[in-house]
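> Sequence first, predicted model second:
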Amino acid sequence: MPEKPLLKKILHEINSRRILPAVLLYGAGAFTVLEATDILSDRFGWPAVVFKIVFTLIIAGIPITLIIAWYHGEKGKQHVQRTEIILVSIISLIAFAIVINLIISAKPPPKPEIITSSPPRDLQTIRSFIHPPEKTSFAYYGIGGSHIALAPNGKMLAFVASDSLGNNAIWIRQLNNLKAEKCPGSEGANFPFWSPDNQFIGFFSEGKMKKVNVSGGPPLTICEVNNGWSASWGVKGTILFATSPPSVVYQVAENGGAPSPVSALDTTRKEWTHLWPQFLPDGEHFFFLADISRGGMGIREGSIFLASAEAYQENSGKNNSCKFLFNSHSNVVFSAGYLLFLKQNTLMAQPFQLTDHQLNGDPVALAEQVQYDNAFGRGGYTVSNNGVLVYQGSSRHVKSHLTLHNRSGSPLEVISQSSLMEDPEISPDDERIAISQVDESNGNVDIWIHKLNKSASTRFTFSEDFDDDPVWSPDGERIVFASNGNLYEKPSNGAGRKQLFFEKTEDIIPNDWSSDSLHIIYTYRTGINRNLWFLPVVGERKPFPLSASKYTELHGQFSPDHRWVAYATNETGRYEIFVRNFPLAGGKWQISTDGGVMPRWTKDGAELVYLAPSGMLMSVKVDGSANIFASEVPQALFQTYIKFLTDPKHAYDVTNDGNIFLINHVENEKNMALTLIVNWPEELSQ
């Protein structure tokens with residue numbers, strides 16, 4: 001069919017006026033401007049309206065570019081046409097009107113407001129309850145209890161809530177409003193904290209510390225942090241934080257940079273980790289919990305110290321300003337002239353002088369039955385600077401249930417109920433369970449052996465050391481476990497005493513024992529990261545690393561034929577499941593698609609199961625029979641409420657046939673409402 005004359009003429013004009021090159025050149029420039037705007041917005045925290053304005057102007061520039069190319073694209077000199085002026089003016093006026101509307105409708109940033117004084121004493125104390133948003137529940141079963149944070153001005157509450165699939169995100173509720181709003185870009189967040197001017201919320205997510213402007217805009221990365229455990233933002237622009245134990249307190253600038261330590265472990269006191277830093281109003285001095293409960297699962301034993309962030313000496317690696325205040329098993333915060341801390345499940349308030357940093361008076365009970373996560377030494381409460389308190393109630397410690405489930409998630413049998421259990425390991429013959437358990441009378445951690453389908457249980461270790469993280473030998477005759485930084489072994493029938501297996505004297509966690517009995521894979525702490533290492537069992541026991549990566553590696557598991565190793569790492573920005581050859585030969589395959597931790601193999605090696613970030617148990621059909629590892633699309637099995645998803649220890653196991661799952665569930669109290677108290681200091685003055 002011949003071309004239509006009109007179409008042929010239009011194509012000729014487009015070509016002769018060089019419209020296509022003009023459009024391509026404009027598109028390249030527009031893309032560069034948009035990328036630059038996005039990068040600068042992240043760097044300097046520009047409001048979201050800036051990007052919208054730039055995008056609007058670029059869209060308006062497309063027809064203007066076409067008009068100019070049409071009238072001036074031919075070779076030679078062309079005069080400005082009246083029609084051209086009219087069209088460009090109309091488009092410019094429309095774009096200008098849209099920009100003005102964007103500016104007017106944009107939320108103005110909240111006025112900086114820093115409050116450090118106590119509330120007036122003539123106000124009445126008000127108590128109320130805060131319920132989670134519809135179809136969500138307050139998330140506290142992840143890491144370290146309730147994830148709630150009041151703004152310093154007492155007007156907003158940030159909290160982490162989970163949807164029906166267990167996906168976490170930060171929500172913000174104005175306390176004068178009945179509705180909370182979800183914070184964009186906060187998926188998978190933990191430990192929210194506020195800037196002192198109430199403009200930003202900080203949080204930990206995907207191996208990073210991030211912040212987001214409450215008036216809008218994308219989250220901005222402050223620094224990389226693996227397993228961050230809470231933070232405090234000071235008035236001088238410094239953020240303090242700690243990581244999963246063992247840790248010291250670190251500082252980082254609010255606009256980003258490399259973290260640096262501001263505390264050092266005192267080995268003379270047998271300090272194991274420093275947790276829960278909290279700035280005082282001067283932005284220099286801070287509190288922290290120095291914990292000596294090595295192993296992190298026994299009854300907390302530690303002390304509260306006060307230190308200056310500016311007194312840390314890099315050359316010596318010490319902070320000589322540390323001042324002992326009192327012994328405690330939980331975090332502390334300062335508000336309205338008081339130190340708040342937990343004594344068991346009772347929230348206490350004790351007067352504290354800012355002038356000389358001295359406690360002044362006796363502690364007084366402020367609230368009872370406050371939720372407390374013993375494994376992390378943290379209470380579920382938050383306070384503002386002006387007399388507002390919010391806490392998560394609880395009738396007891398968070399309790400875990402060691403329960404058998406079928407593949408659909410239906411519970412079959414409760415093996416044990418204890419507030420303090422970790423790392424369940426099923427024996428190779430599916431008859432017994434080894435698990436770390438706390439003697440709540442003295443806080444000592446020992447290993448116990450439970451019968452899989454019976455209520456009988458026996459204590460396996462009896463020393464005063466922290467004995468935990470059991471791993472069965474392939475024949476089930478021996479158990480290797482961690483004890484105060486070293487590896488020990490003992491016959492699984494309980495006969496005899498434990499014998500030193502591998503001396504490390506550091507934070508070491510055995511993960512698995514290969515089926516040929518030749519290697520043990522373990523997690524070892526290096527700086528703020530953990531990495532996987534292999535320990536030869538026979539001959540010279542000289543360990544070698546999985547990858548010597550700068551990223552964290554956890555939960556190593558040998559395949560049943562000991563040719564593959566499955567593990568979790570955050571090298572992609574979040575934890576994913578990978579499989580590598582063993583012995584190591586360079587091959588590596590990603591198994592999970594939306595995050596994953598704690599992989600386990602079934603006995604036939606044809607299936608890998610793991611936990612998604614939401615706690616959903618996932619299943620993947622795999623084939624490792626050839627030299628190339630193959631896997632199918634992950635499928636969801638059922639929702640769990642595992643307590644510590646990024647803990648370096650496993651929280652579940654699976655029987656050989658892959659049909660029964662042994663899961664250490666956290667007690668499901670997450671639907672309890674939060675308690676709100678306004679002007680709580682008034683009660684203490686009565």
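Received, thanks. Note that the structure is predicted; figures quoted are calculated from it, not measured. Numbering: from 1, shown residues only.
> how about low-confidence regions in the stretch 501-650 of the chain?
Along the stretch 501-650 of the chain, the model assigns pLDDT under 70 to residues 505, 526-528, 643-646.
> Now with 80, please.
505-507, 525-529, 548-549, 573, 584-586, 614, 641-648 (pLDDT under 80).
> next one: the stretch 51-200 of the chain
For the stretch 51-200 of the chain, residues meeting the criterion pLDDT under 80 lie at 51, 67, 69-81, 84, 102, 104-124, 137, 139-146, 162-167.
> Next, work out how far apart the residue nearest to Asp516 when sequence neighbours are not counted and Gly556 are.
The shortest distance from Asp516 to any non-neighbouring residue, by Cβ to Cβ, 6 or more residues apart in numbering, is to His562 (5.1 Å). (Glycine included, C-beta is placed from N, CA and C.) Look at His562 and Gly556: by Cβ to Cβ, to the nearest Å, they are 12 Å apart.
> The two: which has the busier surroundings?
Counted by other Cβ atoms under 10 Å, His562 and Gly556 do not tie: Gly556 has more neighbours, with 26 against 19.
> which residues touch the more buried one?
511-512, 521-523, 532, 546, 565-567 (Cβ atoms under 8 Å, 6 or more residues apart in numbering).
> Please confirm that it is located within a strand.
Yes. Membership of Gly556 in a strand is supported by DSSP: H, G, I helix; E, B strand; the rest coil.
> what's the burial count for the spatially closest residue to it that is not a sequence neighbour?
Take Gly556 and drop its neighbours on the chain: the residue closest to it by Cβ to Cβ, 6+ apart is Ile521, 3.9 Å away. Neighbourhood size, Ile521 [other Cβ under 10 Å]: 24.
> And the residue nearest to Asp516, its phi and psi?
phi 50, psi 20 (degrees, to the nearest 10).
> That one contacts Ser517, correct?
No. Counting by Cβ atoms under 8 Å, Ser517 is not a contact partner of His562; they are 9.2 Å apart.
> quick revisit: could you point out the member of the contacts of Gly556 that lies closest to Asp430?
Asp512 (16.4 Å; Cβ to Cβ).
> partners of the helix or strand the closest one falls within, with directions?
Element membership of Asp512, judged by DSSP states H and E, is strand 508-513. When sheet partners are counted by DSSP bridges, strand 508-513 sits next to strand 519-526 (antiparallel).
> next helix or strand past the partner strand?
That would be, after strand 519-526 and using DSSP H and E, strand 529-536.
> For that following strand, which outside residues touch it?
Against strand 529-536 from outside (Cβ under 8 Å, 6+ apart): 226, 487, 502, 511, 518-524, 541-554, 556, 565, 567, 648.
> Buried subset of those as a PyMOL selection?
Applied in PyMOL, the following selects the buried portion of those according to 16 or more other Cβ atoms under 10 Å:
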select buried, resi 226+487+502+511+519+520+521+522+523+524+543+546+547+551+552+553+554+556+565+567+648
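> quick one: the strand holding Asp512 to chain centroid distance?
Distance of strand 508-513 from the chain centroid (Cα atoms, centre = their mean, to the nearest Å) equals 23 Å.
> what's the angle from that strand to strand 529-536?
50 degrees (axes from the mean of the first three to the mean of the last three Cα atoms, to 10 degrees).
> number of nearby residues for Asp362?
Residue neighbour count, defined by other Cβ under 10 Å, stands at 8 for Asp362.
> confidence score at it?
pLDDT recorded at Asp362 is 90.
> wait, isn't it in contact with Gln350?
Yes. Taking contacts as Cβ under 8 Å, Asp362 lies within contact range of Gln350: 6.9 Å.
> And the helices in the protein?
Along the chain, counting by DSSP state H, helices occupy 5-16, 19-44, 48-72, 82-105, 681-685.
> what's the angle from the third one to helix 82-105?
Using the same axes, to 10 degrees, the inter-axis angle of helix 48-72 relative to helix 82-105 is 180 degrees.
> Buried ones in helix 48-72, by neighbour count?
Neighbour-count burial for helix 48-72 [16+ other Cβ under 10 Å]: 48-54, 56-58, 60-61, 64-72.
> Could you do the shortest one as well?
If you call a residue buried by 16+ other Cβ under 10 Å, then helix 681-685 has these buried ones: 681-682, 684.
> tell me what it is packed against?
strand 364-367 (3 or more Cβ pairs under 8 Å, 6 or more residues apart in numbering; DSSP states H and E).
> Contacts for the strand it packs on, please.
Against strand 364-367 from outside (Cβ under 8 Å, 6+ apart): 340, 346-350, 381, 389, 391, 675, 677, 680, 683-684.
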